[in-house]
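> okay, here's the prediction I keep looking at, along with the sequence it came from:
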Amino acid sequence: MERAILLQTEATESKNDALKSFLNEAHFDYNRILREREGCKTFMSFHWKVWNSLKTTGFNSQVRCDLERSAWRKKAIAVDSITPKFNVPRNCKTFETKRFFFVELGMYPKRRVAVPIKRNRDFQRFQSLLKTGWTCKTFGLTPSLEICAYLSKEEKELRPRKNMLGIDVNAKHLAVSVVSPAGEIRYQTYLGKQIWVKRKKLMERRALLQSVGAGRKLDRLRKREFNFVNTNLGQTVREVMKLADKYDADIAIEKLRRFSPKGRRFNTTVMRIPFHKLRQILEARCFDNDITLNTVDSWRTSKWCIRCGAVGQGHSANYSLFRCEKCGLVMNSDRKASVAIAVKSLLERSGFTNHKETFQISGRRVPVMGLVKASYESSRNEQPVAPPGQWTKAHTL
């Protein structure tokens with residue numbers, strides 16, 4: 001597991017000038033070797049082409065190697081800014097005095113700059129992570145003259161928890177359901193409603209500002225929206241962690257993708273809750289709390305009936321309701337999808353056994369094993385899906 005923390009600095013004016021001079025030189029040489037990458041088919045050919053010219057820059061060898069490897073992986077021919085990295089202990093070290101904590105960067109062979117770090121919340125979080133087993137072997141210098149600390153920690157094998165908490169992500173909220181291995185729905189709720197309400201108002205405000213060409217106000221509005229979404233996503237994930245601890249549950253979420261054929265405007269309208277950022281925060285919090293985060297395929301989670309196992313057409317004319325044509329079940333589609341995600345993750349557990357060999361979610365004695373993908377040959381030949389009673393655990397993804 002890896003994560004990064006941005007540390008604010010309290011450097012003097014002379015140190016800031018030295019850092020700016022180094023960043024300008026590194027940025028210039030980085031764009032130069034990006035242009036020289038054209039025509040190189042292998043990394044070694046690129047290395048022999050640019051290494052001699054990089055030696056004349058005067059940077060430390062570790063900085064030169066980092067610039068070279070980053071330029072080889074970069075697809076662009078020019079960048080606006082870079083973040084050079086410094087490895088511990090070869091090219092960077094940390095030390096502490098009675099008043100300050102310093103990160104000493106070795107930018108040139110015979111020149112090092114000790115940058116003092118502000119003792120704010122970010123620094124306190126950085127120190128607390130180091131005490132809980134995280135290690136920091138790399139620091140980066142950002143274009144805003146801040147220090148980025150890259151931390152890592154080995155993942156450990158976790159035991160499966162008793163229940164499963166499924167999360168369905170949509171435009172307006174997160175639907176959460178806790179399901180037991182016996183098929184009992186222990187708890188259901190909605191989270192993150194305030195994000196959709198606030199972003200809808202901000203979108204209306206943005207449209208008004210765009211119509212009058214208020215560029216500075218648009219920039220401030222964008223920053224305000226970014227901070228609001230990140231803060232509320234963190235608070236929402238914290239509520240999810242509380243529910244997972246309360247019901248002794250692992251967490252399951254869909255593997256969603258962007259709707260690329262529809263265009264960016266459709267993506268912005270539909271996915272007002274940023275799924276990628278939500279998943280990043282979930283992964284970090286699950287790792288800290290020793291909770292397993294399972295990712296399941298989104299295949300037919302919105303079309304599967306949790307009462308009889310039939311696969312229907314999905315949403316009815318009323319998009320918020322799910323209606324099963326086989327058994328007549330009518331329920332909220334988001335809640336049903338969150339239950340389907342939890343059940344699907346339970347079925348994919350290795351060594352999972354159910355004493356009834358079925359999922360009995362409702363009070364009706366009907367086997368519910370339809371939340372699985374058909375075999376490759378049947379889906380390839382577009383044959384009809386097998387009836388719910390013929391599904392077995394072996395069909396799970």
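Thanks, I have the structure now. Just so you know, these numbers come straight off a predicted model, no measurement behind them. Residues are numbered from 1 along each chain as shown.
> which residues of the protein fall in strands?
For the chain, the strands defined by DSSP state E occupy 2-7, 85-87, 92-96, 101-108, 111-117, 135-141, 147-152, 163-169, 174-179, 185-191, 249-254, 293-296, 321-323, 330-332.
> turn those strands into JSON lines, columns for mean neighbour count.
To be clear about C-beta, it is placed using only N, CA and C from the backbone, and glycine gets the same treatment. Formatted as JSON lines, the strands of the chain follow (neighbours: other Cβ atoms under 10 Å):
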{"stretch": "strand 2-7", "mean neighbour count": "14"}
{"stretch": "strand 85-87", "mean neighbour count": "20"}
{"stretch": "strand 92-96", "mean neighbour count": "15"}
{"stretch": "strand 101-108", "mean neighbour count": "20"}
{"stretch": "strand 111-117", "mean neighbour count": "18"}
{"stretch": "strand 135-141", "mean neighbour count": "19"}
{"stretch": "strand 147-152", "mean neighbour count": "18"}
{"stretch": "strand 163-169", "mean neighbour count": "26"}
{"stretch": "strand 174-179", "mean neighbour count": "25"}
{"stretch": "strand 185-191", "mean neighbour count": "16"}
{"stretch": "strand 249-254", "mean neighbour count": "25"}
{"stretch": "strand 293-296", "mean neighbour count": "19"}
{"stretch": "strand 321-323", "mean neighbour count": "19"}
{"stretch": "strand 330-332", "mean neighbour count": "14"}
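> I341 against E254, yeah?
Yes. If you go by Cβ atoms under 8 Å, I341 and E254 touch, sitting 5.9 Å apart.
> overlap in contacts, the two.
Any residue near both I341 and E254 by Cβ atoms under 8 Å, 6 or more residues apart in numbering counts here, and that gives D168, V296, T301.
> Provide a list of residues in contact with the second one.
It stands for V296. V296 touches A252, I253, E254, K255, I341, K344, S345, E348, L397, counting by Cβ under 8 Å, 6+ apart.
> per-residue confidence for the residue lying closest to the fourth one once chain neighbours are set aside?
Read it as K255. Excluding its sequence neighbours, the residue lying closest to K255 (Cβ to Cβ, 6 or more residues apart in numbering) is T295, at 4.9 Å. pLDDT for T295: 88.
> cool, the one 3 residues further on as well?
Model confidence at S298, expressed as pLDDT, equals 76.
> the nearest residue to it once chain neighbours are set aside: what's it in contact with?
Spatially, and ignoring its direct neighbours in sequence, S298 is nearest to E254 (4.3 Å; Cβ to Cβ, 6+ apart). For E254, the contacting residues are D168, V169, T295, V296, D297, S298, T301, I341, by Cβ under 8 Å, 6+ apart.
> ok, so of the residues you listed, who is nearest G106?
Nearest to G106, judged by Cβ to Cβ, of these is T295 at 40.3 Å.
> surely K74 meets R35?
No. Assessed by Cβ under 8 Å, K74 is found out of contact with R35, at 11.4 Å.
> give me the residue at the spatial middle of this structure.
For the chain, the residue sitting closest to the mean C-alpha position, by Cα atoms, centre = their mean, is Q280 at 2.3 Å.
> let me know the pLDDT of that one.
On the pLDDT scale, Q280 is placed at 88.
> where along the stretch 1-150 of the chain do the helices fall?
Using DSSP state H, counting those that start in this stretch, the helices of the stretch 1-150 of the chain run over residues 13-36, 43-55, 61-73, 121-131.
> just those helices: most buried one?
helix 61-73 (a mean of 18; mean count of other Cβ atoms under 10 Å).
> which helices and strands does that helix pack with?
Packing partners of helix 61-73 (3 or more Cβ pairs under 8 Å, 6 or more residues apart in numbering; DSSP states H and E): helix 13-36, helix 43-55, strand 85-87.
> so how far is the shortest one off the chain centroid?
Here the centre of mass of C-alpha atoms in strand 85-87, compared against the chain's by Cα atoms, centre = their mean, to the nearest Å, lies 24 Å away.
> please apply the same query to stretch 186-202.
The answer for stretch 186-202 is 19 Å, by Cα atoms, centre = their mean.
> how about the CA coordinates for that stretch, as PDB?
Extracted in PDB, the C-alpha atoms of stretch 186-202 (Å, rounded to 0.1, in the frame of the first residue of the first chain):
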ATOM      1  CA  ARG A 186     -29.000  -6.500   8.600                       C
ATOM      2  CA  TYR A 187     -29.000  -2.800   7.800                       C
ATOM      3  CA  GLN A 188     -29.700  -0.300   5.000                       C
ATOM      4  CA  THR A 189     -29.200   3.400   4.600                       C
ATOM      5  CA  TYR A 190     -28.200   6.200   2.300                       C
ATOM      6  CA  LEU A 191     -25.000   8.300   2.600                       C
ATOM      7  CA  GLY A 192     -23.500  11.300   0.800                       C
ATOM      8  CA  LYS A 193     -26.800  13.000  -0.100                       C
ATOM      9  CA  GLN A 194     -25.300  16.500   0.700                       C
ATOM     10  CA  ILE A 195     -22.700  16.100  -2.000                       C
ATOM     11  CA  TRP A 196     -25.300  15.800  -4.800                       C
ATOM     12  CA  VAL A 197     -27.400  18.700  -3.400                       C
ATOM     13  CA  LYS A 198     -24.400  21.000  -3.100                       C
ATOM     14  CA  ARG A 199     -22.800  20.100  -6.400                       C
ATOM     15  CA  LYS A 200     -26.100  20.700  -8.200                       C
ATOM     16  CA  LYS A 201     -26.200  24.300  -6.800                       C
ATOM     17  CA  LEU A 202     -22.500  24.800  -7.800                       C
END
